[in-house]
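Engineer: Let me see the structure of the following:
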Amino acid sequence: MSQLTMNWVFKPFESLTPAELYAILRLRSEVFVVEQNCVFLDMDNKDQFSFHLMGWYNDQLIAAARLFAPGKVYEQMSIGRVVSSPAFRKNGAGRALMDQSIKKCYELFEEGPIKIGAQLYLKKFYESLGFIQSSDVYDEDGIDHIEMIKPFTH
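Structural biologist: Numbering: from 1, shown residues only. A predicted model of the protein is given here:
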């Protein structure tokens, strides 16, 4: 199973079903709290004004991200809470999620730069998608992060 065929679902917060919201929060908790051993409040009151991209494989949520309009989190449009199931990372779930997220940002918010707050250890991954480091390293909930921007190129 080297290349996954995922079913992509994209919705604003108010259109999420309770089952979809539960799956998103469960996956984020599995990765950000349990796997990364990070005690933090995931429910940050930003889900309500973001769009949610979900990648399903069969009936399991294996990848998710939040997309934000310019001015909501950063001056630029942005992608956040990028998460993929540990069981599916070697199958390209994270790259497929980011490819879909970037494409959706351009569809939703026009063309322009995209800004993210990335965990430092994923810098090379995001660079491979065209993002460039735009800040010094900073600590967020005990994990080193950097801000990165993907300049828009025609």
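Engineer: Next, name the residue at the spatial heart of this structure.
Structural biologist: residue 82 (2.2 Å; C-alpha atoms, centre = their mean).
Engineer: Would you list the strands that the helix or strand bottoming out on mean pLDDT in the chain pairs with, along with their directions?
Structural biologist: Least confident helix or strand of the chain, by mean pLDDT, DSSP states H and E, is strand 138-140 with a mean of 91. Applying DSSP bridges, strand 138-140 is found paired with strand 143-150 (antiparallel).
Engineer: pretty sure residue 126 is in contact with residue 147, am I right?
Structural biologist: No: counting by C-beta atoms under 8 Å, residue 126 stays clear of residue 147, with 10.6 Å between them. Quick note: C-beta positions are derived from backbone N, CA and C, even for glycine.
Engineer: Find residues that contact each of these two.
Structural biologist: 116, 118 (C-beta atoms under 8 Å, 6 or more residues apart in numbering).
Engineer: Would you map the helices across the protein?
Structural biologist: 18-28, 93-109, 123-127 (DSSP state H).
Engineer: Thanks a lot, catch you later.
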